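> could you look at this predicted model? Sequence included:
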Amino acid sequence: MNFKNKNTSTYNKYPSIELKGLADHHYEGWQAILEKINHHKNELQKEHLIIGIECYTGVLLDEIKENFFAINADQIYFASHYFKTETAIDALVYPDVTDDQVFGYLTRLHIIDFFDLERLAFIKQEISEKTGITIIIGTGAFLLAKPDILIYADMPRWEGQLRFRRNEVSNLGVNNHLFKASLQYKRAYFVDWRVCDRLKKQVYTNCDYFLETVNPGLPKMITAKAMTEGFREAISRPFRVVPFFDPGPWGGQWMKEVCGLDPRQENYAWCFDCVPEENSLIFSFDDRTFELPALNLVFAHPSQLLGEAVHARFGDEFPIRFDFLDTMDGGSLSLQVHPATEYIQEHFGMHYTQDESYYILDAKEDAVVYLGLKEDINSGKLIDELKEAQHTKLFEAEKHVNKWSAKKHDHFLIPAGTIHCSGKNCMVLEISATPYIFTFKLWDWGRVGLDGLPRPINIEHGKKNIRWERTTQWVEKNLVNNTKQIATGEGWVEESTGLHQSQFIETRRHWFTGKVSHNTNGGVNVLCLVAGNEVVVESPDNAFEPFVVRYAETFIVPAAVGEYSIKPNAPLRENEKYATMKAFVR
């Protein structure tokens, strides 16, 4: 390998949004946090003062309980004590969790559904008759009483997944921390996160403080004013979310060097560089930071971030996803297909599907992408052989599926229903719609996952969604390097590279040696620097400070920004060209 010298990697793994003049709204460590709460408590001077600590699912409650005991409350309540029994909660969520290993149904439940209503009514009455200081802790604390001081203890979904893997936390309302992490994740994806997000949106504007709980023993807290100002800053300028990296059975070596990752790890398969549903945002206060779920920004300012039309179409969901798939010196992804819109709506409760594309950021000479079916495909024979392969561990993918040579800067479009996967020795920038778990694996090359067990195969779902007419000639015409020049100017060329007309995302590639003008045109833009070392993003009227982006970094330009420009931030070498890939909703 010699992708890039890892010792000189400039990729920023911890981007932040600087908040000036708000350092005194940031508190670090339990001593500083509790001193602030005590001061606030003393200022209110109420005969009965209620402090609520509302918690996102996955927060380590024991640490919060242990430290808030120091406030010397007259009574402390835990919201989970008034939940239904675990048996009742399991029955409640079963229709959405199902028996499937991977898939469920997006729940319509709310936090109130988890409570025993008789016990809840009793404790609400009891609390209302108390005097002194009452503390209420846990998910749903807000339902027990209206707090005089409300603190929200938050955590990004990615950290929750890591805690599942370490057997540290359980799903909402039950004690199942020793369960298989993938099953906990599925239950969180389809139930817990949806329930807690609905509650979060209900209470967020009432909060006085926000508590970061990402790093146990190192809590941080900011005021509602700091959070509000942080959101306002974010929607007025380009920004990056915090990427996270994960190994996989097919993972490669490219990101280790280019992104400056731990070389001791066996591989890295994924980088989720722009998935606000799971990524974090970091606000910086001088030399201190505060990490929060990026999804909170989507909830707080959907129209300014996404644009009016995108918000009206998708609600407070971020519909565009950029991530990396690294198979350099690794293996092929599973052969797979994504569901049709009507199928994902009917079977999983998701209102749009996982259309995507593979932009080849880098490749070796033997790199390939599997895409579409052969002209003489026999659908029955393909499905029979896939089923048989689950026992024999043998399947000739090339007999049924096209194998396309892949080179740097190729773009393969993958509308839902198209059978596909990246082969080995590709570095893929995946540009896709956000529903990111709805992949029907058809063949996984006879291997096992990192846990030593076979990964679930979904042939029954898959065969109902394969578009059998998407064969060689159609794929070559419609899905492989469907590139058209759109415009040119001094020192730049703009190209449309897709996506397919059935997909809602449009992608544009700009090659440039000088400044390129862009406009969000009322919709959110997501971009990645795919060629060149470093660029600077600027506002024509200095509405935001110049924003530096380095090779392979993905960044978001909120709809509210409007006009912006991008130019190289260093002298160009001879014959050097820079390039960005931009995605937006049509």
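Right, received. Where do you want to start? Residues are numbered from 1 along each chain as shown.
> residue ranges with poor pLDDT in the stretch 1-150 of the chain?
For the stretch 1-150 of the chain, applying pLDDT under 70 flags the ranges 1-8.
> how about 90 then?
For the stretch 1-150 of the chain, the stretches with pLDDT under 90 are 1-9, 72.
> as a check, name the ranges of all helices in it.
Listed in chain order, the helices of the stretch 1-150 of the chain (DSSP state H, counting those that start in this stretch) span 30-44, 61-68, 86-97, 117-128.
> distance between the third one and the chain's centre?
With Cα atoms, centre = their mean, to the nearest Å as the basis, helix 86-97 stands 26 Å off its chain's centre.
> by contact count, what packs against that helix?
Helix 86-97 sits against helix 181-187, with contacts defined as 3 or more Cβ pairs under 8 Å, 6 or more residues apart in numbering; DSSP states H and E. No exception for glycine: its C-beta is placed from N, CA and C like everyone else's.
> can I get the helix it packs on in PDB, CA atoms only?
Taking C-alpha atoms only, helix 181-187 is exported to PDB below (Å, rounded to 0.1, in the frame of the first residue of the first chain):
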ATOM      1  CA  ALA A 181     -25.900  -6.600  20.400                       C
ATOM      2  CA  SER A 182     -27.400  -6.800  16.900                       C
ATOM      3  CA  LEU A 183     -30.800  -7.600  18.400                       C
ATOM      4  CA  GLN A 184     -30.500  -4.800  20.900                       C
ATOM      5  CA  TYR A 185     -29.600  -2.500  18.000                       C
ATOM      6  CA  LYS A 186     -32.600  -3.600  16.000                       C
ATOM      7  CA  ARG A 187     -35.000  -3.000  18.900                       C
END
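> so what are the domain limits for the protein?
Domain ranges of the chain: 30-218, 240-284+305-478, per automatic domain parsing.
> ends of the shortest one, how far apart?
Spelled out, it's domain 30-218. As for domain 30-218, its first-to-last residue distance stands at 8 Å under the measure Cα to Cα, to the nearest Å.
> same deal with stretch 462-473?
22 Å.
> got the contact list for it?
Stretch 462-473 is contacted from outside by 336-340, 343, 372-375, 377, 379, 383, 402, 416-419, 440-442, 479, using Cβ atoms under 8 Å, 6 or more residues apart in numbering.
> whichever of those residues end up buried, select them in PyMOL.
Buried subset of the contacts of stretch 462-473, written as a PyMOL selection, criterion 16 or more other Cβ atoms under 10 Å:
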select buried, resi 336+337+338+339+340+343+372+373+377+383+402+416+417+418+419+440+441+442+479
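> distance from the chain centre to the strand or helix carrying residue 391, please.
Take DSSP states H and E as the rule and residue 391 turns out to sit in helix 379-392. Between the centre of helix 379-392 and the centre of its chain there are 34 Å (Cα atoms, centre = their mean).
> again, but for stretch 259-276
14 Å.
> now the strands: where do they sit in the stretch 151-300 of the chain?
Per DSSP state E, counting those that start in this stretch, the stretch 151-300 of the chain carries strands over the ranges 209-212, 220-223, 244-246, 270-274, 280-285, 288-293.
> so which of the ones you listed is nearest residue 451?
strand 244-246 (13.3 Å; Cβ to Cβ).
> ok, residues contacting the closest one?
158, 255, 259, 261, 268-272, 278-279.
> pull out the buried positions in it.
244-245.
> do stretch 305-322 as well
Across stretch 305-322, burial judged by 16+ other Cβ under 10 Å covers 305-307, 310-311, 313-314, 316-322.
> next one: stretch 88-99
89-90, 92-93, 96-98.
> repeat that for stretch 378-393.
Applying 16+ other Cβ under 10 Å to stretch 378-393 flags 382-383, 385-386, 389 as buried.
> what's the nearest residue to residue 543 if we skip its chain neighbours?
Beyond its immediate neighbours in the sequence, the residue positioned closest to residue 543 (Cβ to Cβ, 6 or more residues apart in numbering) is residue 236, lying 6.8 Å away.
> so what's the one you found up against?
543-544, 558, 560-561 are the contacts of residue 236 under Cβ under 8 Å, 6+ apart.
> from these, keep the buried residues only.
Buried among the contacts of residue 236 by 16+ other Cβ under 10 Å: 544, 558, 560-561.
> the nearest residue to residue 58 once chain neighbours are set aside: what's it in contact with?
Spatial nearest neighbour of residue 58, excluding adjacent residues (Cβ to Cβ, 6+ apart): residue 160 at 3.5 Å. Counting by Cβ under 8 Å, 6+ apart, residue 160 makes contact with 57-58, 169, 188.
> then residue 135?
By Cβ under 8 Å, 6+ apart, the contact set of residue 135 is 50-53, 68, 71, 73, 75-77.
> and if you look at residue 225?
22, 25.
> how about low-confidence regions in this protein?
1-9, 72, 435-437, 448-454, 570-575.
> hmm, 80 instead?
Applying pLDDT under 80 to the chain flags residues 1-8, 436.
> count of residues packed around residue 524?
Residues lying near residue 524 (other Cβ atoms under 10 Å) number 26.
> thinking again about what came up before, would you mind giving the strands of the stretch 151-300 of the chain as TSV with distance to residue 144 added?
Formatted as TSV, these follow (distance: least, Cβ to Cβ, whole Å):
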stretch	distance to residue 144
strand 209-212	18
strand 220-223	22
strand 244-246	34
strand 270-274	36
strand 280-285	29
strand 288-293	24
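> out of these, which comes closest to residue 496?
So among those, strand 270-274 is nearest, using Cβ to Cβ, at 20.6 Å.
> what lines up beside the closest one in the sheet?
Neighbouring strands of strand 270-274 in its sheet, by DSSP bridges, are strand 244-246 (antiparallel), strand 320-326 (antiparallel).
> quick one: which of these is nearest residue 220?
That would be strand 244-246 among the strands paired with strand 270-274, by Cβ to Cβ, at 19.0 Å.
> on that earlier part again, how about a markdown table for the helices of the stretch 1-150 of the chain, with distance to residue 579 added?
Formatted as a markdown table, the helices of the stretch 1-150 of the chain follow (distance: least, Cβ to Cβ, whole Å):
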| stretch | distance to residue 579 |
| --- | --- |
| helix 30-44 | 46 |
| helix 61-68 | 46 |
| helix 86-97 | 43 |
| helix 117-128 | 57 |
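> helices - which of the contacts of residue 236 land there?
Judged by DSSP state H, these include no members of helices.
> nearest to residue 18, of those?
Lowest distance from residue 18 to those (Cβ to Cβ) belongs to residue 544, with 11.3 Å.
> now the closest one: how far from residue 348?
According to Cβ to Cβ, to the nearest Å, residue 544 and residue 348 sit 39 Å apart.
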